[in-house]
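*Asks:* Pasting the sequence and the predicted coordinates here, then a few questions.
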Number of protein chains: 2
Amino acid sequence: MRISELSRRSGVPVATIKYYRREGLLPEGRALNPTTVEYDEEHIERLRLIRSLIQLGGLSVARTREVLEAVDRPLDAFETLGVVHHALPVPSAETNEGKGEGPEGGVDEAASCGAAARVEALIENMGWQISDASPHRPALARSLAELSRIGTDFTADDLAPYARLATATADLDFAQFEGIEDRIALAERAVVLTVLFEPVVRLLRRLAQEDANHRRHDRRACGREE
Amino acid sequence: MRISELSRRSGVPVATIKYYRREGLLPEGRALNPTTVEYDEEHIERLRLIRSLIQLGGLSVARTREVLEAVDRPLDAFETLGVVHHALPVPSAETNEGKGEGPEGGVDEAASCGAAARVEALIENMGWQISDASPHRPALARSLAELSRIGTDFTADDLAPYARLATATADLDFAQFEGIEDRIALAERAVVLTVLFEPVVRLLRRLAQEDANHRRHDRRACGREE
């Protein structure tokens, strides 16, 4: 197909396709003659992944290039998922902290070390296999250090019940990968599940919190009536 | 205590304290004479809550004022938590969508209605008590419509196992409110749990996903060796 059809079928504007090609994200098409280039289904699939990484995943062009290079290497599904998973934006608190609201300092070094030790203890207690390069290890330590700073210490033991529920949630997530063998489709699914499905999980927690508040209140109200 | 001591003990700069007072967030102190105003412990507690709402919760000054007015009304803990919970920023996907990357449209109306119906079905199936005013209802519908748009439909039945795990997580959250009777302390705790603890829950899911990927890979590798 020509670039105009590629654009129509993928929903990506011609100018954007040319930009992705210049940036080395999209492979060149097959040159039929000096002015006509032919694209195929693989280009459509690749464009979908690029769009997922950039638009849904929020990745930069440079980061997207790294992920695509990894997906192109002869990796198995396990490694493909690992690369995508580590490339996506890492969750952190969306606070107004550090927006010029005063001199309150950040987290001190001792607090950071203590938090990192608690993360390691949790991973060990859970028997979790986590690579040293995981960006989620230091991110969790930062969140725990932040909580300690405002006087709320969570120990590895406090976190264990939450971690067990996270394991159960991850098993549900992985059931969604079953049957997907194509590496590009798998990478796209990982972006969708991690980025678009994450707010679903967070919103379910908020709804469940509201319900828990109601249940707790009703129980107390009944208790008083008796 | 004088304003300088209030500043020292709360860690909030004097200029910021004066700003909060002008904006009606912090009650006036007791005027000892025309130039000296006396503050007490209640002002310190109130300042902590204001800081939590603005810095951690990311609330605007106007929104903070609404929450404080609600906390000041003679509500019980149930209602206080409800007000704080609904005032906090609602989770959504942190995508680059709509940043001038092309003409792909948003979610159409039919998709939105379908998604809203799935949210209602889920809430009913779970037996959850959720107020009509909850901002998390339409937010979940938006996330589901977004997923449908890219070809990934989640039905109420697909979401039920995730919702059950969310209920278990919310019960852990509520255990953390036990024993807190003071309304201001409770409101502060709700901000901390919702805003600062949310990334912890999200990071635990990411770590558990990495572990699930390892476990799945090891199982396959062992299967091949046999």
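*Replies:* Arrived safely. Numbering: from 1, shown residues only, chains lettered A, B, ... in the order given.

*Asks:* show me where pLDDT drops low in chain A?
*Replies:* A:75, A:93-108, A:220-226 (pLDDT under 70).

*Asks:* again, 80 this time
*Replies:* A:56-57, A:72-80, A:89, A:91-112, A:150-151, A:181, A:183, A:194-195, A:217-226 (pLDDT under 80).

*Asks:* all helices of it, in order?
*Replies:* All helices of chain A, identified by DSSP state H, fall at A:3-10, A:14-22, A:41-51, A:61-72, A:77-87, A:109-126, A:136-149, A:156-175, A:183-191, A:197-225.

*Asks:* what's the closest of those to B:Glu66?
*Replies:* With C-beta to C-beta, the closest approach to B:Glu66 among the helices of chain A belongs to helix A:197-225: 18.2 Å. To be clear about C-beta, it is placed using only N, CA and C from the backbone, and glycine gets the same treatment.

*Asks:* what angle separates the closest one from helix A:183-191?
*Replies:* Regarding helix A:197-225 and helix A:183-191, their directions subtend 30 degrees when assessed with axes from the mean of the first three to the mean of the last three C-alpha atoms, to 10 degrees.

*Asks:* Show me what counts as buried in helix A:197-225.
*Replies:* Residues of helix A:197-225 classed as buried by neighbour count (16 or more other C-beta atoms under 10 Å in any protein chain shown): A:197-217.

*Asks:* A:Arg149 against A:Ala111, yeah?
*Replies:* Yes: counting by C-beta atoms under 8 Å, A:Arg149 touches A:Ala111, with 6.2 Å between them.

*Asks:* circling back to that earlier point, can you put the helices of chain A in a markdown table and add distance to chain B?
*Replies:* Below are those laid out as a markdown table (distance: least, C-beta to the nearest C-beta, whole Å):
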| stretch | distance to chain B |
| --- | --- |
| helix A:3-10 | 10 |
| helix A:14-22 | 6 |
| helix A:41-51 | 8 |
| helix A:61-72 | 11 |
| helix A:77-87 | 4 |
| helix A:109-126 | 7 |
| helix A:136-149 | 4 |
| helix A:156-175 | 4 |
| helix A:183-191 | 8 |
| helix A:197-225 | 4 |
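
*Asks:* Adding distance to B:Val71, write those helices out as JSON lines.
*Replies:* Compiled in JSON lines, those are given as follows (distance: least, C-beta to C-beta, whole Å):
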{"stretch": "helix A:3-10", "distance to B:Val71": "51"}
{"stretch": "helix A:14-22", "distance to B:Val71": "49"}
{"stretch": "helix A:41-51", "distance to B:Val71": "45"}
{"stretch": "helix A:61-72", "distance to B:Val71": "43"}
{"stretch": "helix A:77-87", "distance to B:Val71": "40"}
{"stretch": "helix A:109-126", "distance to B:Val71": "29"}
{"stretch": "helix A:136-149", "distance to B:Val71": "22"}
{"stretch": "helix A:156-175", "distance to B:Val71": "27"}
{"stretch": "helix A:183-191", "distance to B:Val71": "40"}
{"stretch": "helix A:197-225", "distance to B:Val71": "15"}
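
*Asks:* Flag every buried residue along stretch A:149-159.
*Replies:* A:Arg149, A:Thr152, A:Phe154, A:Ala156, A:Leu159.

*Asks:* and the gap between the third one and A:Cys113?
*Replies:* When C-beta to C-beta, to the nearest Å is the yardstick, A:Phe154 and A:Cys113 sit 16 Å from each other.

*Asks:* do the first one as well
*Replies:* Taking C-beta to C-beta as the criterion, A:Arg149 is separated from A:Cys113 by 14 Å.

*Asks:* burial count for the nearest residue to A:Arg46 once chain neighbours are set aside?
*Replies:* Nearest non-adjacent residue to A:Arg46, counting by C-beta to C-beta, 6 or more residues apart in numbering or on different chains: A:Leu26, 5.9 Å away. Look at A:Leu26: counted by other C-beta atoms under 10 Å in any protein chain shown, it has 21 neighbours.

*Asks:* distance of A:Gly11 from A:Leu53?
*Replies:* A:Gly11 is 16 Å from A:Leu53, by C-beta to C-beta.

*Asks:* Over to A:Glu210?
*Replies:* According to C-beta to C-beta, A:Glu210 stands 34 Å off from A:Leu53.

*Asks:* Could you do A:Val119 as well?
*Replies:* As judged by C-beta to C-beta, A:Val119 and A:Leu53 stand 28 Å apart.

*Asks:* Tell me which of these two has more neighbours.
*Replies:* Between A:Val119 and A:Leu53, counting by other C-beta under 10 Å, A:Leu53 is the more crowded of the two (29 against 24).

*Asks:* wait, what's in contact with that one?
*Replies:* With contact taken as C-beta atoms under 8 Å, 6 or more residues apart in numbering or on different chains, A:Leu53 is in contact with A:Leu59, A:Arg63, A:Thr64, A:Val67, A:Leu68, A:Ala87, A:Val191.

*Asks:* Mind doing that once more with 6 Å?
*Replies:* Contacts here follow C-beta atoms under 6 Å, 6 or more residues apart in numbering or on different chains; on that basis A:Leu53 touches A:Leu59, A:Thr64, A:Val67.

*Asks:* so which of those comes closest to B:Ser143?
*Replies:* A:Leu59 (19.8 Å).

*Asks:* how about the nearest residue to that closest one, chain neighbours excluded?
*Replies:* A:Leu59 sits nearest to A:Leu53 (C-beta to C-beta, 6+ apart), 4.7 Å away.
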